[in-house]
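Trainee: Just need the structure, nothing else, for what follows:
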Amino acid sequence: FHLRNIFSVLWVCDGATFGPLCEGNPFNSVRGSDRWGSGHYGASRGGRLHKGLDVKCQDGSAVYAPFDVTLHGKLTVYTDRNKEAINEGINLKGQGLCFKLFYVRPTRTSGSVRKGERIGTMLPMQSVYPGITSHVHVQMCDQSDPTPYF
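Mentor: Modelled structure (predicted):
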């Protein structure tokens, strides 16, 4: 009986699925390949690997909580001043997951938010990477692959 309860808890955490992240992308379509690279986890980034998943999102679009989450502060994406226009994001926890959303200006940075509530606005990616498929970068806190949750 005790072992069954442990497996039930593991199954619930493993069963987390991201709801729609971005206005205009109800199925969380992932960025394919463009002249700046590919949006899948593990894609080559020159001498390093992409440690997240890029979910398509038009510049200026609303960004939503993918499930009930708690907000754990704003984050800085880059140290490069040339990328200041998109240098924001937010730390989140929910459904047993810890993750970050890059290129999002948060509406607030703490407290609880229900699934589907607006948590921010997609920043102007085209101003920094002209021609890229604009996207929210989803990165797990432990840098594991977020793809199974989509």
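Trainee: Do a quick rundown of the strands in the protein.
Mentor: Assigned by DSSP state E, the strands in the chain fall at 33-34, 37-38, 44-45, 48-49, 53-56, 62-64, 69-75, 89-94, 97-102, 104-106, 110-113, 118-122, 135-140.
Trainee: Indicate which one of those is closest to Phe27.
Mentor: Among those, strand 53-56 comes nearest to Phe27, with 9.8 Å by CB to CB. Heads up, the C-betas are built off the backbone N, CA and C, glycines and all.
Trainee: re the thing from before, can you tell me which of the strands of the chain is most buried?
Mentor: Highest mean neighbour count among the strands of the chain (mean count of other CB atoms under 10 Å): strand 53-56, with a mean of 24.
Trainee: and that one, how far out from the chain's middle?
Mentor: 7 Å (CA atoms, centre = their mean, to the nearest Å).
Trainee: Kindly report the same for stretch 91-105.
Mentor: On the basis of CA atoms, centre = their mean, stretch 91-105 sits 6 Å off its chain's mean C-alpha point.
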